[in-house]
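Asks: Have a look; sequence and predicted model below, questions after that.
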Amino acid sequence: MKHFHLVVVVMAALAATACQTVPPMQKLPEISFTSQRPFQLNVGQLEIVSEYAAPGRSPNIEHLMPVSPEAAIQRWAQDRLRPMGKTGLARVVIRDAKVVEVPLAIDKGVSGSFKKEQEYRYDAALDVAVQILDARQMVIGEALANATRSRTVPEGLSINQRDRIWWEITDALSRDIDEQLTPLIRGYLNRWVIQ
């Protein structure tokens, strides 16, 4: 009887575990800018500096994202800017790269159980400067871009759905920055662009 009882307990535990299987983690695409022609710059080196210090706690969520806006802009700089000269420096300064989660008011009453409401809003911002510095480390050229995105999400998202939305926010923000900086580099930093 003891043996039978042990088998029942083990089978119940296995059944409970089977019901709690975690969905496989999705593989999100890489955020990359290699499909576009890089700017060849008449400078000796490229430097990426982040002035943004992520708090690492709520309401900020960039540290939880599959790809943070900061990481996407670092990738942008590596893909789009090529130092081809002997002296001088191209510096990419990330001044802001935050994503904040804002809880939204949802109906907790009886009527609320019959509808799916928007549970959170994500407010994201990117502020980036591309600077050219001379041998004395003086800024002699600069292009500035900033972008914001805001998106609400419904109740009951899975982890994979949430991660996909966070990835989409980062992808959209970084492409906004790329679209802004492309003509600005050609305009304000044109004397350092090798044709």
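Replies: Ah, there it is. Numbering: from 1, shown residues only.
Asks: any low-confidence regions in this protein?
Replies: Confidence mapping of the chain against pLDDT under 70 gives the ranges 1-23, 109-115.
Asks: Now do the helices in it.
Replies: Applying DSSP state H to the chain gives helices spanning 2-19, 69-80, 159-188.
Asks: Ok, which of those comes nearest residue 138?
Replies: Evaluated with C-beta to C-beta, the helices of the chain place helix 159-188 nearest to residue 138, the distance being 16.1 Å. Where C-beta positions appear, they are placed from N, C-alpha and C, glycine not excepted.
Asks: Check which helices and strands that closest one sits against.
Replies: When contacts are defined as 3 or more C-beta pairs under 8 Å, 6 or more residues apart in numbering; DSSP states H and E, helix 159-188 packs onto helix 69-80, strand 99-103, strand 118-133, strand 139-154.
Asks: which of these sits most buried?
Replies: Of the helices and strands packed on helix 159-188, the one with the most neighbours on average (mean count of other C-beta atoms under 10 Å) is helix 69-80, at a mean of 21.
Asks: Tell me how far that one lies from the chain's centre.
Replies: Centroid displacement of helix 69-80 relative to its chain, using C-alpha atoms, centre = their mean, to the nearest Å, is 10 Å.
Asks: I figured residue 144 hits residue 189, correct?
Replies: No - with contact defined as C-beta atoms under 8 Å, residue 144 does not reach residue 189; the gap is 11.2 Å.
Asks: Give me the neighbour count for residue 88.
Replies: For residue 88, the neighbour count with other C-beta atoms under 10 Å is 19.
Asks: Ends of stretch 106-118, what's the gap?
Replies: End-to-end span of stretch 106-118 (C-alpha to C-alpha, to the nearest Å): 7 Å.
Asks: Report whether the expected contact of residue 46 with residue 92 is present.
Replies: Yes - between residue 46 and residue 92 a contact is recorded at 7.4 Å, counting by C-beta under 8 Å.
Asks: Which of these two has more residues huddled nearby?
Replies: residue 92 (21 against 16).
Asks: For the more buried one, name its beta-bridge partners.
Replies: Per DSSP bridges, the residues bridged to residue 92 are residue 48, residue 130.
Asks: and the gap between it and residue 157?
Replies: Distance, residue 92 to residue 157, by C-beta to C-beta, to the nearest Å: 33 Å.
Asks: follow-up on the earlier one: single out the most deeply packed of the helices of the chain.
Replies: helix 69-80 (a mean of 21).
Asks: Name the residues that touch that one?
Replies: Residues from elsewhere that reach helix 69-80, judged by C-beta atoms under 8 Å, 6 or more residues apart in numbering: 31-34, 36, 38-39, 46, 48, 50, 52, 54, 62, 92, 94, 97-99, 124, 126, 128, 170-171, 173-174, 177-178, 181.
Asks: who touches the residue nearest to residue 132 when sequence neighbours are not counted in this structure?
Replies: Excluding its sequence neighbours, the residue lying closest to residue 132 (C-beta to C-beta, 6 or more residues apart in numbering) is residue 141, at 3.8 Å. For residue 141, the contact set (C-beta under 8 Å, 6+ apart) comprises 131, 132, 188, 189, 191, 192.
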